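> Give me the fold of what follows.
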Amino acid sequence: MEKFLEFIRTDLFLIILLVGILLVFILYIMSIIKLNKIKKEYKSFMKKIGNGNDLEEILNKHIERINKTIAKNDELEKYCLKIDADIKHCVQKVGLYRYNAYKDTGSDLSFTLALLDEKNDGVVLNGIYSREMSNIYAKPIQSGESTYKITDEEKEAIKRAIN
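Take a look at the predicted model:
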């Protein structure tokens, strides 16, 4: 151990240490030069592939457009889900039945019209025509049934709407 400590104190050790540091510094400079050369070759290669434009820049722009498209797609999907939820409450089923309410009137001028949503909720309208007057009656419908008395014509209109 003492011989080693003596060797460290000599000028020869300092010269060897200095040469080692110099070699490491030279290797460091050479690696920087080589890295710069590789970077230049990379940029040149990317421009050749991109037909004169920087391929990396083209790819970054493309990725940005893809991300925007994904965001818009998510927004459209949410909008469609909202429309699907809203449309359940819209009129989806229509049933019309025309008939002759009175024997003294010609043609089938009276009618019943059922307007129902997905759950068969809605309204049935009954328009009764005679030569002296016309009347229209509305009855609420829930699950294809009404709390009011339903005529055969109204039942037929509801059946046509459901089917």
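> Only C-alpha atoms from now on, for both contacts and neighbour counts.
Fine.
> where are the low-confidence patches of the chain?
Residue ranges of the chain with pLDDT under 70: 50-52, 105.
> so where do the strands sit in the chain?
Secondary structure of the chain (DSSP state E): strands at 93-99, 110-116, 122-129, 134-141.
> Tell me which of the ones you listed lies nearest to residue 45.
strand 93-99 (63.9 Å; CA to CA).
> Give the buried residues for the lengthiest helix in the chain.
In the chain, taking DSSP state H as the definition, the longest helix is helix 11-49. Judged by neighbour count using 16 or more other CA atoms under 10 Å, the buried positions of helix 11-49 are 46-47.
> Please name every helix or strand in contact with that helix.
helix 55-87 (3 or more CA pairs under 8 Å, 6 or more residues apart in numbering; DSSP states H and E).
> Could you tell me the angle between the helix it packs on and helix 11-49?
On the basis of axes from the mean of the first three to the mean of the last three CA atoms, to 10 degrees, helix 55-87 is oriented at 60 degrees to helix 11-49.
> Pull the distance from helix 55-87 to the chain's centre.
Taking CA atoms, centre = their mean, to the nearest Å, one finds the center of helix 55-87 at 7 Å from the center of the full chain.
> Check stretch 82-90 too.
17 Å.
> likewise stretch 31-43?
Remark: stretch 31-43 is offset 44 Å from the chain centroid, using CA atoms, centre = their mean.
> Since that was my last question, I'll sign off now.
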